[in-house]
Each structure stands twice: as structure tokens, then as C-alpha cells.
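> Next input, structure requested:
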Amino acid sequence: MRIAFSTLACPDWPIERVARLAGELAYDGVELRTLGFGDGPLVCDPALSDPLKVRGLLAEHGVAPVCLATSLKFDRRVFPPIIGRAITDQEREARRATRLIALARAMDCPELRVFAFEAQGRESRAGAVRRILWRLGMAVDAARNTGVRVLLENGGTFATGSDLAEFLDEIRVGWFGACYSVATACHAGEDPVAALDRLGDRVGVVRLKAHRGGKACLLADSNDPHEEVVRALAARRFRGTIVVEHDLLWQDERARAAIPTAENALRHAIETIYSWMSQSARRSGSGSGHGANSGVAVGV
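Reported below is the predicted structural model:
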């Protein structure tokens with residue numbers, strides 16, 4: 001199991017500073033958030049830099065890019081409902097995915113996060129699934145033979161692990177998996193430990209978003225059962241990545257002043273995660289160990 005943090009925590013930092021902090025705090029890697037090609041508010045967006053430079057700066061500090069987190073989604077409405085398929089560009093999302101997959105590959109980043117997202121207007125859920133699967137399938141196919149795995153994150157109409165499983169059951173290829181957001185699933189009323197058990201090894205990333213009352217907070221103070229999730233993942237010898245999300249990107253300056261800084265929140269998060277994992281190991285009667293950037297395996 002690897003532990004990483006999302007660059008949502010440090011939107012104003014250059015990638016060198018991101019890499020330095022990750023190394024100092026003994027994170028195994030970094031999830032690189034991108035808003036796509038072009039100008040944007042994210043200074044460390046890898047789409048605005050040379051991918052070889054990004055890869056090199058991270059490597060200098062002993063960390064790796066673990067996931068390229070995109071905003072790509074596949075719910076764009078087809079209009080008019082029938083003829084729209086013939087007269088509109090149905091491969092736009094696949095082309096965007098292809099460019100982002102190439103960026104991930106150039107950085108030696110093994111996974112790319114995307115969304116399904118939601119039904120449109122009065123559309124049935126089944127209709128939304130069919131439309132999304134059509135486009136998502138083309139995007140996933142673009143990752144074939146690239147070494148990049150496309151991960152679908154729960155959100156919108158498809159907020160639970162059960163929703164993710166519906167897509168995973170339709171697209172059964174090794175380069176397609178799940179990114180599971182604990183906060184999103186809990187908000188939808190799902191038991192995250194049970195959901196992760198059902199999804200099994202199809203999960204590449206488990207996202208821990210620390211928030212209370214709609215504001216970012218320290219991980220141990222969060223509303224959601226992150227401790228229970230981490231202990232369960234440790235006991236099951238999870239082979240994917242835990243990503244800590246301390247979201248400052250979408251906060252204005254006033255809001256940022258009222259919540260923990262990136263340095264404090266990320267230091268607290270990794271110390272807390274290792275503490276939970278150690279407690280899980282002691283309770284199971286097994287030893288545990290971890291080293292900077294070496295990954296973690298905790299047995300039952």
C-alpha cells in the first residue's frame with residue numbers, strides 16, 4: 001500500500017516544492033491534479049509543464065506520480081435524442097482522454113482518474129448509464145497497451161461503490177478500475193468498508209477527503225470513518241494507493257486562512273494513517289513496518 005497526497009492541497013506551489021514536501025514527510029507519491037491543457041489556477045498542473053521535468057523533480061525527492069487526477073467526465077447530453085448521435089461529436093471525450101493518457105505515460109504515472117457523472121434533466125438512470133458507457137468505453141480503449149490504468153471515481157448520480165461496480169462489470173479489462181472516494185460514498189449513505197470489500201482488487205485508489213461542516217480539516221477530525229477504512233485496508237493488504245485530499249484549490253483566501261495549512265494537514269495525515277495502521281497490526285497480532293517511499297504491507 002502506498003500513501004500519497006493530492007496537489008489540491010497546494011494549488012499555488014510549483015512542482016519542486018510539492019516534491020520536496022512529499023519527500024520530507026515520507027509520502028510514497030503524489031496525485032497530480034490537472035485542469036487540462038491551457039491556462040488555469042493550478043501552478044503545479046503537470047499539463048502546464050514538461051512531463052519529463054515533472055517526473056525528474058519528483059524522482060529527486062524519492063517520490064513518484066501515482067495518479068493523474070482529471071476533470072474528464074462522460075455525461076454530455078445527446079441532443080436531439082436520436083439524431084444527435086449522428087450530428088454531434090461523440091468522440092470528443094475520447095480524444096481528450098487520449099491526450100491525458102499520453103501525459104500520464106510520459107510522466108511514468110500509472111493511473112488516470114475520470115468521472116462518469118450524472119443523468120441529464122428527466123433522463124432515466126439507465127439511459128445515462130448507456131450514454132456514459134458508450135463514451136467511457138472509447139476512453140478506456142485509448143489506454144490499451146499504454147501502461148496507464150483508467151480509474152473511475154464515484155460522484156454525481158453514481159456516488160457509491162455499487163454504482164462503480166455497474167461500469168466495471170460492463171468494461172472488463174485490466175486497464176480499467178475504480179477510484180473510491182470515502183467522503184462521497186458516505187454522503188450517499190454507503191458503508192465504505194463493505195463497498196471496498198465488494199470492489200476488491202478493482203480499486204486502484206482510495207481517497208480520504210478530510211472535511212467537517214463543508215470545510216477542510218485535519219484527517220482525524222473529519223466527519224467520515226477514515227480510521228475504520230484505513231484499518232480495513234491494512235488488514236486486507238491493499239495493494240493500491242491511499243490519497244489524502246486536503247482541498248484548498250477551490251477555497252478563496254479568506255476561507256484558506258480559517259483551515260489548516262497544507263504542511264500541517266499533510267504532516268498530520270501521514271502520521272495519523274501510520275498510527276491507525278500500526279494499531280490495526282497490533283490488534284491482529286502481526287508486526288508492521290514502513291519506511292520512507294518503500295510502501296507498506298500490514299498483515300492480518
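> Show me where the stretch 51-200 of the chain has its helices.
51-60, 84-87, 92-106, 125-142, 161-170, 182-187, 192-199 (DSSP state H, counting those that start in this stretch).
> Least reliable of these by average pLDDT, please.
Of all these, mean pLDDT reaches its minimum on helix 84-87 (a mean of 55).
> do you know how far W175 is from T241?
Here W175 is placed at a distance of 16 Å from T241 (C-beta to C-beta, to the nearest Å). C-beta: built from backbone N, CA, C; applies to glycine.
> Compare neighbour counts for the two and give me the winner.
T241 (25 against 20; other C-beta atoms under 10 Å).
> wait, W276 sits on V230?
Yes. Between W276 and V230 there is a contact at 4.5 Å, judged by C-beta atoms under 8 Å.
> Which residue of those two possesses the greater neighbour count?
Neighbours per residue, other C-beta under 10 Å: of W276 and V230, the larger number sits with V230, 27 against 20.
> which residues sit in contact with the more buried one?
208, 242, 273, 276-277, 280 (C-beta atoms under 8 Å, 6 or more residues apart in numbering).
> which stretch of helix or strand covers it?
Using DSSP states H and E, V230 maps to helix 226-235.
> Following that helix in sequence, what is the next regular element?
Toward the C-terminus from helix 226-235 - assigned by DSSP H and E - lies strand 241-245.
> continuing past that following strand, what's the next helix or strand?
Counting by DSSP H and E, what follows strand 241-245 is helix 253-257.
> Could you list the residues in contact with that following helix?
So helix 253-257 is contacted by 215, 248 (C-beta under 8 Å, 6+ apart).
> mind listing what's buried in that helix?
Across helix 253-257, burial judged by 16 or more other C-beta atoms under 10 Å covers R256.
> check which helix or strand covers L32.
strand 29-33.
> Quick one: residues contacting the spatially closest residue to A216 that is not a sequence neighbour.
Leaving out its chain neighbours, the residue that sits closest to A216 by C-beta to C-beta, 6 or more residues apart in numbering is I259, at 4.7 Å. Contact analysis of I259 by C-beta under 8 Å, 6+ apart lists 215-217, 248, 251, 265.
> Give me the lowest-pLDDT entry from those residues.
Comparing the contacts of I259 by pLDDT, Q251 comes last, at 79.
> What is the neighbour count of it?
Neighbour count of Q251, defined by other C-beta under 10 Å: 16.
> From G177, how far off is D221?
For D221 relative to G177 (C-beta to C-beta), the value is 30 Å.
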